[in-house]
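A.B. asks: Fold the following, please.
(one chain, ligands or ions: 1)
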Amino acid sequence: MKEQLKQLSIYQAGKTADELKSELGIAGDMMKLSSNENVYGPSPEVTRTLKQSLNLLYEYPDSHGTVLKQAIAEHYKVKEESILLGSGLDEVIMMLSRAVLKPGDDILTCENTFVQYQHHAVIEDCRIVTAPLDTGKFDLQALAEKITAHTTLIWLCNPNNPTGNYFNQSELSAFLTKAGEIPVVLDEAYAEYVTAEDYPDSFSLREKHPNIIILRTFSKAYGLASLRVGYAISSDEWTSIWHRVKLPFNVTSLSLKAAEAALKDQEYLTDVRQNNAVERQRFYASNISHYLLPSQTNFVLVKTDDINELNDYLLTFGIIARPTPVGVRITIGTAEQNTVVIKALENYFSTK
Ligand SMILES: Cc1ncc(COP(=O)(O)O)c(C=O)c1O
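C.D. replies: Below is the predicted model:
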């Protein structure tokens, strides 16, 4: 085994709703609000398309994902040659790390962000340099101060998971100027949920900063977490490098078809964004708002010193949340679910 793998643990997914239900003896339905899935599910067009695509199961998929790439290219006004498709962003993050990181290189990111950036840096035997978050968002000034001649790849998560807050266009532009030639990955997994007007239009920065790599996924607002489709948009040069480490058939035919159908239904996506924003606002209008970090995503991060206690308390109401080192993360659910969650949180904090 590679020496550095001794530092890594095997990914532990949370327990399933059924496991927790029988363990805790809960009679009603459990609410799985631990993985930031889209509680409204995908567009009905996706289900229709999938039913019509079952005849494709015996064939290998289109290795290039040509039709989906054309649709993404058209949607963002980018070239097909700038797009890398992956089996979720998880695989995209792995491919980028594999393609550029050499033993001894530094990656730069913030503390308390998406863990896969660091996970793959360890596998590639790199050093991890971090700066703190500021109110749950990447502190780009603090991060810029950590750039050195050894920095090989920079990972930004905007809005950040697990905290939910975001940095704006002017903060990003200033940072990119300081990063110069170093490739900067912008993980925008939750971008489709953002309603803030000063959220960066990262596509508009590509010309001035050809080293940005924009990541998007169909797992979150498009509601396709199970089908695993994510993509990177970067320069043609970088994209041809990522493709050298891509597995030949990494995205299945049904996943490609589902993503095409989901992308086409922008009206449904707008409804998802609006419903989520209305429900998100209910959390900030409640009595527990001061325990929450600001969020532009489909989750809220509840700050508490007793992370496990709060998580266990929520479980007794059938609410499966996600304990993190900085608080308890809860996916914004349906209106009925949020009524239960907000009440449980208000009860919990009323005793504190
Ligand atoms: C910030 C961020 N990036 C990437 C991912 C991976 O997404 P997927 O592999 O489902 O596309 C997630 C999933 O939770 C995430 O929160």
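A.B. asks: Which residue is the nearest non-sequential neighbour of the residue of the chain found nearest the ligand?
C.D. replies: Per CB to the nearest ligand atom, Gly88 is where the chain lies closest to the ligand, at 2.6 Å. C-beta coordinates here come from the backbone N, C-alpha and C atoms, glycine included. With sequence-adjacent residues excluded and distances taken as CB to CB, 6 or more residues apart in numbering, Gly88 is closest to Arg228, at 4.1 Å.
A.B. asks: how many neighbours does Ile319 have?
C.D. replies: Other residues lying near Ile319 total 23 when counted by other CB atoms under 10 Å.
A.B. asks: Read off the pLDDT value for the nearest residue to it once chain neighbours are set aside.
C.D. replies: Spatial nearest neighbour of Ile319, excluding adjacent residues (CB to CB, 6+ apart): Met31 at 5.2 Å. At Met31, the model reports a pLDDT of 95.
A.B. asks: Surely the residue nearest to Gly88 and Ala258 touch.
C.D. replies: No - Arg228 is not in contact with Ala258 according to CB atoms under 8 Å; the separation is 10.1 Å.
A.B. asks: between the two, which one's more packed in?
C.D. replies: More neighbours surround Ala258 than the other of Arg228 and Ala258, with 27 against 20 (other CB under 10 Å).
A.B. asks: what comes into contact with the helix or strand bottoming out on mean pLDDT in the chain?
C.D. replies: Counting by mean pLDDT, DSSP states H and E, the weakest-scoring helix or strand in the chain turns out to be helix 17-24, with a mean of 84. Contact with helix 17-24 is made by Lys15, Ile26, Asp29, Met30, Lys32, Leu315, Thr316, Gly318, Ile320, as judged by CB atoms under 8 Å, 6 or more residues apart in numbering.
A.B. asks: Among the residues you listed, which lie within helices?
C.D. replies: Among the contacts of helix 17-24, DSSP state H puts Leu315 in helices.
A.B. asks: Which of the contacts of helix 17-24 are buried? Put it as a PyMOL command.
C.D. replies: PyMOL command restricting the contacts of helix 17-24 to the buried ones, with burial defined by 16 or more other CB atoms under 10 Å:
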select buried, resi 30+32+315+318+320
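A.B. asks: As TSV, the contacts of helix 17-24 with distance to Asp139 would be great.
C.D. replies: Shown next, in TSV, are those (distance: CB to CB, whole Å):
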residue	distance to Asp139
Lys15	34
Ile26	40
Asp29	40
Met30	36
Lys32	32
Leu315	33
Thr316	36
Gly318	37
Ile320	31
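A.B. asks: Quick check: closest non-adjacent residue to the spatially most central residue of the chain.
C.D. replies: Centroid-nearest residue in the chain, with CA atoms, centre = their mean: Ala189, separated by 3.6 Å. For Ala189, ignoring the flanking residues on the chain, the nearest one in space by CB to CB, 6+ apart is Thr217 at 5.0 Å.
A.B. asks: got it, and Glu181?
C.D. replies: Using CB to CB, 6+ apart and skipping residues adjacent in sequence, the residue nearest Glu181 is Asn211, 6.4 Å away.
A.B. asks: Contacts only, for the one you found.
C.D. replies: With contact set as CB under 8 Å, 6+ apart, Asn211 has these partners: Ala179, Glu181, Ile182, Pro183, Val184, Ser234, Ser235, Trp238.
A.B. asks: how about a cut-off of 7 Å?
C.D. replies: By CB atoms under 7 Å, 6 or more residues apart in numbering, the contact set of Asn211 is Glu181, Ile182, Pro183, Val184.
A.B. asks: Now distance to Ala142 and neighbour count too, for those residues, in JSON lines please.
C.D. replies: Converted to JSON lines, the contacts of Asn211 look like this (distance: CB to CB, whole Å; neighbours: other CB atoms under 10 Å):
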{"residue": "Glu181", "distance to Ala142": "21", "neighbour count": "7"}
{"residue": "Ile182", "distance to Ala142": "16", "neighbour count": "16"}
{"residue": "Pro183", "distance to Ala142": "20", "neighbour count": "21"}
{"residue": "Val184", "distance to Ala142": "15", "neighbour count": "21"}
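A.B. asks: number of nearby residues for Ala191?
C.D. replies: Residues near Ala191, counting by other CB under 10 Å: 22.
A.B. asks: Excluding covalently adjacent residues, which one is nearest to it?
C.D. replies: Arg216 (6.5 Å).
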